[in-house]
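1. Just need the structure, nothing else, for what follows:
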Amino acid sequence: MPTVKGDGMRGLAVFISDIRNCKSKEAEVKRINKELANIRSKFKGDKTLDGYQKKKYVCKLLFIFLLGHDIDFGHMEAVNLLSSNKYTEKQIGYLFISVLVNENSELMNLVIQNIKNDISSRTPIHINLALHCIANIGSKAMAETLGPEVPKLLVSGDTIDEVKQSAALCLLRLYRTDPHCIPSGEYQSRIIHLLNDQHMGVVTAATSLIHDLVLDNPDDYKGCVSLAVSRLSRIVTSSYTDLQDYTYYFVPAPWLSVKLLRLLQFYGPPEDPANRNRLNECLETILNKAQEPPKSKKVQHSNSKNAVLFEAINLIIHHDSEPNLLVRACNQLGQFLQHRETNLRYLALESMCLLASSEFSREAVKKHQETVVTALKTERDVSVRQRAVDLLYAMCDRTNTEEVVGEMLDYLEKADYSIREEMVLKVAILAEKFAVDYTWYVDTILNLIRIAGDFVSEEVWYRVIQIVINREDVQGYAAKMVFEALQAPACHENMVKVGGYILGEFGNLIAGDPRSSPQVQFNLLHSKFHLCSPPTRGLLLSTYVKFINLFPEIKQIIQDVLKSDNQLRNADAELQQRAVEYLSLSVRTSSDVLATVLEEMPPFPERESSLLAKLKKKKPSAVVEEKKPNKPITVEVNNTAGESSTDAPSTATPVQLPMVQAPNPTAAAPSTDLLGLDAAPAQPAQTFNMPGAPPATNNFGAPPAAGQSTLLDIFDAQAPAPAQAPAQAPAVANASALSPGAEENFCKFICKNNGVLFENDLLQIGVKSESKSMYCRLVLFFGNKTSMQFSDFSSTVITPGELASRLLVKAPPINNVLDGGAQVQQLITAECVQEFSDAPLLNIRFVCGGSMQYVNLKVPIMVSKFFQPTTMSSSDFFSRWNQLIAPAHEYQNIFKANFPMDRDGNKTKLMGFGIGLLEGVDPNPDNFVCAGIVHCKSAQIGVLLRLEPNKAALMYRLTLRSSKEEVAKELGTLLSSQF
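-> Take a look at the predicted model:
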């Protein structure tokens, strides 16, 4: 802002000096209260205050507020200052309004009218003050009232550059509040042409605006590509002396260059050959400048230069169409791998992970394998070592599998605990996907369990058992290797599980060797029995009964073990039941019946490997998806030569992982499945029968019989048998009313993210959701429970009324045919723009048995899903709590308990609600005190909560305080139904 001579406010300076000279907090409060009383009397009693005095007193109020004290008067005087023709008075008025006036204030209509008057004036400095105030507040009312005025300023030929710059940023804020505030038609092309403006400040501001517009409407703003390329070319080819006002440490307009490069990542390579060649020349120039000696030793120079370089490399990777540029980018990143700056090494490794997925640059990336391995072993920063692991995983293919897996296994023994689990998953995936032969795969997995057994998840050893059972040529070798591994003095429990399962199935293949006779095998396994957990002991008991069938000569020994008091009177009901049933089975049945019941496990059906899904869930960025949205990623053993770990192998019988559609196909980088919702594989072991249930057919959990549905209930341990389709499916009479139980099922998800949203005789709908900041991802699982096909299947998400502007929901269509016993997924993404109270509606329709079926539900997305917990000290909590004492800031409800008053259960519900639980804050230990932030695109809304149970009266008092009344009321209403 320009300075105005003679504008000093002596009274304000004296007041500030007095505050600074206060020796204690009490003295400061006393001085402030005295000043507030004086200002209040002046505003009430003196009707002849001039503009200068009003400005001075408003300034003092603003200063007091910034010190942390509440101000509840002076707002009207600040609004009156907006009508002044003096710049300094108007400036203080706008500053006070921007900081202290709430967007829901009764004074907002007066403020908006004054802003409208200033925008219509011909004084640029007054227009700028008004635009800054709009951008600071950015309320819905401002977007509706002033939205049409700001674009006119932006595209008008009479508007000066400084005002255009402010108008572009102001319009960006209004657009984020209300996307409908920008009129369509000619305004779109005129906004795009701002990229050609002579003033670099206008271009920079306009680029930020166009970036957000393209994010939602890429087709409408496709014309910006050619102008962005042209502007980028002029910046890149100019010297730092040509753009002196916008040169930062010898780098011309680095911020604008980065914005333009990001903007171009929303689109593919330009269709016009001239524009494409011009863009390629720009990218080559940026790569060439990276090779030049630095013009300054300042860190700001290297930071700005590298920011442009890395964004250019991201664009090259996004286009993935120029082999020369991809290889050059890879070579440039390779130089950074040994740079002394840690951040550069990190970024280089991260970008090379993306380059490894391109067929043009994969070989160039592999040339740096030795450097990456060295970084893995010598880097001090664990985050850089983790990126090195990611890059090794990404560059791995059939030609270097043994080297990469060997290096990762070597490092695994001394790796940080924070990355061990992820490394185990990646080693297991690579070993399965690029196995030279199955014996190498078995050796690798057993070595993996030996080195990092604590981090080997069930999915890893389930998978090795599936592969061994399905491959006869490796069964004997696997039995021999697990037998040798079990002889180690310190043997991990996961090794015992694998050994017990494989020896129980194929121990007879090595029984001819006296060193691994049946008696030796049994003694070896039983020596580990007392060291294992109950689930593993149950698996070993299943192995023993298998031994009775395989080796009749040791039947009596095993029966003696089963008869022992340790088994028959075991405190664990599961183990006791197994011992009783297995003993009875071995004693009462003939050898033929025993052989039938305990026959060898049949081959598992080809199912999707859960390892890749688990890796996605562990770390979404660890799996690079194909750029073709409908092409599945596949994982299998014995891949064709030369394929990368990020490729989709193309062989006869791959195990396919269905790919979740990205919510925005025009985004700069392909989206990955953040939820890891791919179905888990059949679990080969640990089919523990409940008391009273008949023994399992093969005691290890056989796969479904022929003709049985393989539809998995994603929320139950075992899927029920599919229901028979009714002869005549009942048609729903009302196609628009909510289905029965829809409201109750919606409420189930207030304090949890996963569960069954709807189920009847025909259809089951499951939900898994995940939230972060203002974004929420939700996956719906539609399961056909009948043997008939659903045709004309559609699932549509509707945001009625005002909800459409408060919650942006995207739900791509799904396949319109759902076969009997099949399951299909739909990904729904939501962005919270502003607080809301209604829920989106889910309308499902399909034809079954000739009848049209309608299912209408509420999508379990409520404002609490955008909660992020926060931590506060006791003093901070109660200080903030006491500040929010206005009735509009508080919601309180006293209600009778609907559920048993269990403290642990209540704690779980509050944590599931998303709010942060603050321990030791409330003096009453029975009370719950919580704090959290609701993240919206327009604002972040803090929420404080106290839940006070009265067990004697079976009552609760729930109190929420927030800066927004609507948020406190909605959260309180949701939460009251859960206790």
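
2. helices and strands around the helix or strand hosting residue 549, which ones?
-> Taking DSSP states H and E as the criterion, residue 549 maps to helix 534-550. Counting contacts by 3 or more Cβ pairs under 8 Å, 6 or more residues apart in numbering; DSSP states H and E, helix 534-550 packs against helix 493-506, helix 518-526, helix 555-563, helix 573-588, helix 591-597. Any C-beta I mention is one placed from the backbone N, CA and C, and that applies to glycine too.

3. Pull the CA coordinates from the last one and hand them back as CSV.
-> Once side chains and other backbone atoms are set aside, the C-alpha atoms of helix 591-597 remain, and they are given as CSV (Å, rounded to 0.1, in the frame of the first residue of the first chain):
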residue,chain,number,x,y,z
SER,A,591,-8.8,-95.6,6.7
ASP,A,592,-10.8,-95.0,3.5
VAL,A,593,-13.0,-92.4,5.2
LEU,A,594,-10.0,-90.8,6.8
ALA,A,595,-8.2,-90.6,3.4
THR,A,596,-11.3,-89.0,1.8
VAL,A,597,-11.7,-86.4,4.6
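
4. Could you check the angle the helix holding residue 549 makes with helix 518-526?
-> 170 degrees (axes from the mean of the first three to the mean of the last three Cα atoms, to 10 degrees).

5. Return the set of buried residues in helix 534-550.
-> For helix 534-550, the neighbour count (16 or more other Cβ atoms under 10 Å) marks 535-550 as buried.

6. And these, which is closest to residue 175?
-> Comparing those against residue 175 with Cβ to Cβ places residue 535 closest, at 55.5 Å.

7. Distance-wise, check that closest one relative to residue 590.
-> 31 Å (Cβ to Cβ, to the nearest Å).

8. Please work out how many residues are found near residue 597.
-> For residue 597, the neighbour count with other Cβ atoms under 10 Å is 16.

9. That one reaches residue 586, doesn't it?
-> No - counting by Cβ atoms under 8 Å, residue 586 is not a contact partner of residue 597; they are 10.2 Å apart.

10. Give me the common contacts of those two.
-> With contacts taken as Cβ atoms under 8 Å, 6 or more residues apart in numbering, residue 597 and residue 586 have no neighbour in common.

11. My assumption is that residue 809 lies in a strand; please confirm.
-> Yes - Residue 809 forms part of a strand when assessed by DSSP: H, G, I helix; E, B strand; the rest coil.

12. show me the contacts for it.
-> Going by Cβ under 8 Å, 6+ apart, the list of residues near residue 809 reads 797, 799, 828-830, 840, 859, 861.

13. one step back: pipe the helices and strands packed on helix 534-550 into TSV and attach distance to residue 604 per row.
-> What follows is the helices and strands packed on helix 534-550, written out as TSV (distance: least, Cβ to Cβ, whole Å):
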stretch	distance to residue 604
helix 493-506	12
helix 518-526	23
helix 555-563	27
helix 573-588	23
helix 591-597	19
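
14. got these as TSV, with mean pLDDT columns?
-> What follows is the helices and strands packed on helix 534-550, written out as TSV (pLDDT from 0 to 100):
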stretch	mean pLDDT
helix 493-506	93
helix 518-526	93
helix 555-563	91
helix 573-588	91
helix 591-597	85
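
15. Out of these, indicate the one that is most buried.
-> For the helices and strands packed on helix 534-550, the largest average neighbour count (mean count of other Cβ atoms under 10 Å) is found in helix 493-506, namely a mean of 25.

16. relative to helix 518-526, how tilted is it?
-> Using the same axes, to 10 degrees: helix 493-506 against helix 518-526 is 150 degrees.

17. Run through the neighbouring helices and strands of helix 493-506.
-> By 3+ Cβ pairs under 8 Å, 6+ apart, helix 493-506 packs against helix 438-452, helix 458-470, helix 475-486, helix 518-526, helix 534-550.

18. and which of the buried residues of helix 534-550 is nearest to residue 872?
-> residue 535 (40.9 Å).

19. circling back: is it possible to get TSV of the helices and strands packed on helix 493-506 that adds distance to residue 346?
-> Below are the helices and strands packed on helix 493-506 laid out as TSV (distance: least, Cβ to Cβ, whole Å):
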stretch	distance to residue 346
helix 438-452	24
helix 458-470	28
helix 475-486	38
helix 518-526	47
helix 534-550	40
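
20. of the ones you listed, which approaches residue 94 most closely?
-> helix 458-470 (59.3 Å).

21. Just the CA trace of that closest one, in CSV.
-> What follows is helix 458-470, C-alpha atoms only, in CSV (Å, rounded to 0.1, in the frame of the first residue of the first chain):
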residue,chain,number,x,y,z
GLU,A,458,-0.4,-63.2,6.2
GLU,A,459,-0.9,-62.3,2.5
VAL,A,460,2.8,-63.2,1.8
TRP,A,461,2.8,-66.7,3.2
TYR,A,462,-0.8,-67.4,2.0
ARG,A,463,0.5,-66.6,-1.5
VAL,A,464,3.5,-68.9,-1.4
ILE,A,465,1.3,-71.8,-0.2
GLN,A,466,-1.2,-71.2,-3.1
ILE,A,467,1.7,-71.3,-5.6
VAL,A,468,3.2,-74.4,-4.1
ILE,A,469,-0.1,-76.2,-4.1
ASN,A,470,-0.9,-75.2,-7.7
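
22. Okay, buried residues for stretch 315-322 please.
-> Counting neighbours by 16+ other Cβ under 10 Å, one finds that the buried residues in stretch 315-322 are 315-320, 322.

23. And stretch 207-224, by the same measure?
-> Here stretch 207-224 shows 207-211, 213-214, 218, 221, 224 as buried, counting by 16+ other Cβ under 10 Å.

24. For it, report the contacting residues that lie outside it.
-> Counting contacts by Cβ under 8 Å, 6+ apart, the residues touching stretch 207-224 from outside are 168-169, 171-172, 175-176, 179, 182, 184, 188-189, 191-192, 194-195, 228, 256, 259-260, 262-263, 266-267, 664, 666.

25. Write the PyMOL selection for whichever of those are buried.
-> To isolate the buried ones among the contacts of stretch 207-224 in PyMOL, judged by 16+ other Cβ under 10 Å, type:
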select buried, resi 168+169+171+172+175+179+182+188+191+192+194+195+228+256+259+260+262+263+266+267
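
26. any weak-confidence spans in the protein?
-> Residues of the chain meeting the criterion pLDDT under 70: 1-8, 240-242, 606-610, 612-736.

27. Does residue 192 fall in a helix, a strand, or a coil region?
-> Residue 192 - assigned by three-state DSSP - is helix.

28. dump the residue contacts of it.
-> Contacts of residue 192 by Cβ under 8 Å, 6+ apart are 210, 221, 223-224, 227.
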